[in-house]
Structures are given as structure tokens and as C-alpha cells.
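Q: Mind folding the following:
(4 chains)
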Number of protein chains: 2
Amino acid sequence: MSEAYERKKQPELVRRTLIDCAAHLAIERGLQAVTVQAVADAAGVTKGGLFHHFPSKEKLIDAVLKDQIDKFDAAIEATLAQDGQGYGCFTRAYIVATLSMAEFAPALESTCVALLTEPVARKQWSDWLRARLARHHATDAAPELEIVRYAADGVWLADLQQLPADLRMDRDELRKRLIAMATK
Amino acid sequence: MSEAYERKKQPELVRRTLIDCAAHLAIERGLQAVTVQAVADAAGVTKGGLFHHFPSKEKLIDAVLKDQIDKFDAAIEATLAQDGQGYGCFTRAYIVATLSMAEFAPALESTCVALLTEPVARKQWSDWLRARLARHHATDAAPELEIVRYAADGVWLADLQQLPADLRMDRDELRKRLIAMATK
DNA sequence: AGAAACATACCGCGCGGTCGGTTTCTTTTC
DNA sequence: GAAAAGAAACCGACCGCGCGGTATGTTTCT
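A: You can find the predicted model right below:
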């Protein structure tokens, strides 16, 4: 109640920090660096503290995955709210979301493909995509749009690999071109 | 010399098997399943035998990576030998190589993105790409072609994730469309 | 005979995970 | 309102196991 100084513990804040640190570690120093100890240290907690929030390391990873998908989904929803509807609206939102992920979190907490190759993660992603495609079937079923989505994925991958800038197109121009391909 | 029954040991064959098994394991059961013991077992060798061929696990992984890039490079070279030259010849070869990788080795030994996210691997790939782009600068520098490459990468990624078939376009049609985009 | 190609047995370390205690917050009771 | 009671949040020490790696012996080829 008192707004003097909020010295109360914030468990959900710690939980967030743990998830973020795990993603950060994975992308910065590789998957092998994601140990329970390292994540706990980075989050300023002890190992015991971490296991208070997550029953196992696997559950931690699951949470990281879910978090990434949730963020992505929210970004798409936000764009859809503006763009409205019409041919390729979902695809355009997909492009914007993917590219902005890469832009604002350059290989930081944006994602972890490494995790995506883990069998558990594949299902989470394909389930999400299937649900989305079903929803936007009327506007985004054209094969041309599928190809544009692949291109966005490729850009995302390049970003994850931290592909040197001299091998890549300017991001704004890239976005423009992709959106143009997904319009009309 | 004797062609009676070739009972001689074939060390380079064992080496190949080890590399293949490592890649196989990574893609089938995730990166965490790639342990020295598991690779050795899968290859029908003991752990000591494995360490006779590779001084460390890291060198094994390096070899897997190099092998993938070599295969990819060879596939491109083969296509280039037929396609000849002209606008987008490298990009078309890139498409064919990427797609055939995915087709003939469906998530088997085709590759391991997981490994690609490891810092070591990033350099290997970007070095290769830079060298290639420099060589084909005259024909494959157009921004449209870069986008098509991204699309091919996206397809490759989808394959790695073993994305269900109901979410994907037919591969032959996909190839046709991509090549068309990289022509003229 | 000598070297390469393995197998066998072993080691130390760091990993994921557990357990009991301690602190911090929330709720109950008077 | 304070004090007691309870639960939640977290720490610190510990454990067993499986990992990457080694040293030495044994077989197989040249």
C-alpha cells in the first residue's frame, strides 16, 4: 500500500528476468552456455531460487519459448489492428513483426533458433502457425505470400546468425520490398 | 591389394560415419543428445575410438560444420557447371542446392541450425558466403536476388524444423517459383 | 617389427536437481 | 492497531550422475 519505497519482493519480476537472461545467454554465448547456474547468476539469484520458480530446466526453456511466441503474436496483433484487412494483411504483419524483432533486439533476446531445433519447440511453433493460417485463410492463402513469409524467415535467420552487415541489404529497404511483394 | 574380401580397416570411412551420426543425432533428437558417447555408439565405435579420430568434441563439431558447407558448395558448383552463367546464376544454384538438401536428406544429415547458432559456426558460414558473393558479384548483386536467397533460407529453416506438410507448399512448385523469381 | 586403428578402464568436474533452513511478505486474530 | 500465525520467496550446502577427456593395453594392417 505504502508508496514510500516499494521494498516488497516481486516474484513475477524475477521470473521475467530469469526468462530474459536465459534467452540472452543462448543467443550471446551459444546454447551450451545456458546452464542453470549461469542463468541464476545472470539474474542475480541462486540456483535454489531459480528452482523455486521453475521445477526443472526444461520448464524454464519451455517458458522462454512460450514467451518468444507470445511476443511475436502480440506484435502481429498490434500491426493487424492498424493495417486492418485485405489481401496479405497477415503476411504484412508477419513481415513487420519479424523484422522489428530483429531490429530492436539484435540477436539479444529476440529468439533462439537453437531452441527451435529442439523437438519440443517445433510443435509449439507449428501449432501457432497452423492456428494463424486458419484464421487468415481468406486473405493469406496465396502461394506468393507463402514465399514472402519464407523470405522473412530467412532474414530472421540471418539476423540470428549475426550475419555481417556487408553481406546484407539495408533493413528499411528490405522491409519495403517485402511488404510490396505482399500487397495487392 | 587382394580383392578376395576387403577386410581391411577403413579409417576415413569411420570418420565419415562419425560425422554423419553426429549430424543425424543433432537433428533427430536435439543438440543436447549429441554427446561423445552417443555419437560413438551410433557409429559402432567406442569413445576411445572416436577420440582417435578427433582430438576433442569441439573439433568433431567443426568437422560436421565444414562437411555441411563443403557439401553445399559442391552442390552449387555442380549446378553452376550446367546452368552456365548470366543474371542470377548463382542465386538459382543456391536455390537448387538448398532445396535438394532439404529434399534428399529430410532433416537427417542435411544440417543443424542449432550448430549454426553457435558462435564458432557463424564465422564459417559468413566467410563462405562472402567469398561466394565476391565471385559472383557481376551476376548476383541485385537486391531482388538477395531476397530470393532469404526465401530459400526460410524454406531450409522450415525443413529443419520439420514443419508439417499441411503448412507448406509443394516442393516442386516452390522450386519453380523461386527460380522464376531469380531469372531474367 | 612398427605404426596405425581401435578397445577398456578410469578420472575429475560440472551439471541438473534436492533439502532444510532463513527471511520476507500476507493474512488472521484479538 | 499490534502481535501471532502461515505461507511464499529465497539462500546455501549438498548429492549423484554423466559428461568430456586420458592413459594404457590389444588388435590389425603395412
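Q: drop to CA atoms for contacts and neighbour counts, all remaining ones
A: Fine.
Q: Can you find the residue of chain A that comes nearest to chain B?
A: Nearest residue of chain A to chain B (Cα to the nearest Cα) works out as A:Ala151 at 3.5 Å.
Q: Can you check the pLDDT for that residue?
A: You'll see A:Ala151 listed with a pLDDT of 86.
Q: so how many other residues sit close to A:His52?
A: Neighbour count for A:His52, taken as other Cα atoms under 10 Å in any protein chain shown: 12.
Q: For it, what is the enclosing helix or strand?
A: Using DSSP states H and E, A:His52 sits in helix A:47-53.
Q: Tell me which residues are up against that helix.
A: A:15, A:18, A:36-37, A:40-41 (Cα atoms under 8 Å, 6 or more residues apart in numbering or on different chains).
Q: Report the distance from it to the chain centre.
A: Chain-centre distance of helix A:47-53: 24 Å, with Cα atoms, centre = their mean, to the nearest Å.
Q: With stretch A:62-80 instead?
A: That offset, for stretch A:62-80, works out to 6 Å (Cα atoms, centre = their mean).
Q: A:Ala23 and A:Val64 touch, don't they?
A: Yes. Between A:Ala23 and A:Val64 there is a contact at 6.7 Å, judged by Cα atoms under 8 Å.
Q: By mean pLDDT, flag the weakest helix or strand of chain A.
A: Within chain A, confidence by mean pLDDT, DSSP states H and E is lowest for helix A:113-117 among all helices and strands, at a mean of 50.
Q: Would you mind finding the longest helix in chain A?
A: With DSSP state H setting the assignment, residue counts place helix A:57-83 as the longest helix in chain A.
Q: quick one: is that one near chain B?
A: No. Helix A:57-83 stays clear of chain B (Cα under 8 Å from any Cα of the partner chain), getting no nearer than 11.6 Å.
Q: For that helix, name the packing helices and strands.
A: Helices and strands touching helix A:57-83, by 3 or more Cα pairs under 8 Å, 6 or more residues apart in numbering or on different chains; DSSP states H and E, are helix A:11-29, helix A:89-104, helix A:119-135.
Q: deepest of those, which one?
A: helix A:89-104 (a mean of 22; mean count of other Cα atoms under 10 Å in any protein chain shown).
Q: so what does the host helix or strand of A:Leu157 touch, helix or strand wise?
A: Secondary structure assigned from DSSP H and E places A:Leu157 in helix A:143-160. Under the contact criterion of 3+ Cα pairs under 8 Å, 6+ apart, helix A:143-160 touches helix A:89-104, helix A:171-181, helix B:143-160.
Q: and the gap between the residue lying closest to A:Leu129 once chain neighbours are set aside and DNA strand C?
A: Counting by Cα to Cα, 6 or more residues apart in numbering or on different chains, B:Leu167 is the residue found nearest to A:Leu129 once chain neighbours are left out, at 7.9 Å. Counting by Cα to the nearest atom of the strand, to the nearest Å, the gap from B:Leu167 to DNA strand C is 33 Å.
Q: repeat for A:Ala131
A: Here A:Ala131 is placed at a distance of 31 Å from DNA strand C (Cα to the nearest atom of the strand).
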